[in-house]
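Student: Next come a sequence and a model predicted from it.
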Amino acid sequence: MREGGVVTRKQLDKNNLGHLEDWRGNNIAFACPACGKIVLVSGLSDKDGHSCPCGKSKGYVDIKGETASIES
Ligand SMILES: [Zn+2]
């Protein structure tokens, strides 16, 4: 994502969501760490993840809603 930087991937824990994270079924939402925008990711329509419009973070959730992660 970030040019020349290191992409970190954070695994979300359904039972221990962060203050700026939400998870329902196979959808997750998170606040972009770079710009603060709320990004919604659907396991149904975003099979390759969904990027924040600023391009600095990306969320992933599988179609069954079992695993989710955020890259930033
Ligand atoms: Zn952003």
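Tutor: Alright, I've got the coordinates. Numbering: from 1, shown residues only.

Student: burial of the closest residue to Ser51 other than its chain neighbours, as a residue count?
Tutor: Nearest non-adjacent residue to Ser51, counting by Cβ to Cβ, 6 or more residues apart in numbering: Lys58, 4.5 Å away. (Glycine included, C-beta is placed from N, CA and C.) When neighbours are counted by other Cβ atoms under 10 Å, Lys58 registers 22.

Student: Assess the claim that Tyr60 and Lys47 are in contact.
Tutor: No. With contact defined as Cβ atoms under 8 Å, Tyr60 does not reach Lys47; the gap is 9.1 Å.

Student: in which helix or strand would I find the residue nearest the centre of the chain?
Tutor: Residue closest to the mean C-alpha point of the chain, counted by Cα atoms, centre = their mean, is Gly59 at 2.3 Å. Using DSSP states H and E, Gly59 sits in strand 58-61.

Student: Could you report the distance from the closest residue to Gly25 other than its chain neighbours to the ion?
Tutor: Leaving aside its chain neighbours, Gly25 sits nearest to Gly65 (5.1 Å; criterion: Cβ to Cβ, 6+ apart). Distance, Gly65 to the ion, by Cβ to the ion, to the nearest Å: 23 Å.

Student: before we move on, what about Gly43?
Tutor: Distance, Gly43 to the ion, using Cβ to the ion: 20 Å.

Student: And Lys10, by the same measure?
Tutor: Look at Lys10 and the ion: by Cβ to the ion, they are 15 Å apart.

Student: Nearest residue to that residue in space, ignoring adjacent ones along the chain?
Tutor: Ile70 is the one closest to Lys10 (Cβ to Cβ, 6+ apart), at 4.9 Å.

Student: can you pull the contacts of the one you found?
Tutor: Counting by Cβ atoms under 8 Å, 6 or more residues apart in numbering, Ile70 makes contact with 9-10, 12, 21, 30, 57-60.

Student: Weed out the non-buried ones from those residues.
Tutor: By neighbour count, with 16 or more other Cβ atoms under 10 Å, these hold 10, 12, 21, 30, 57-60 as buried.
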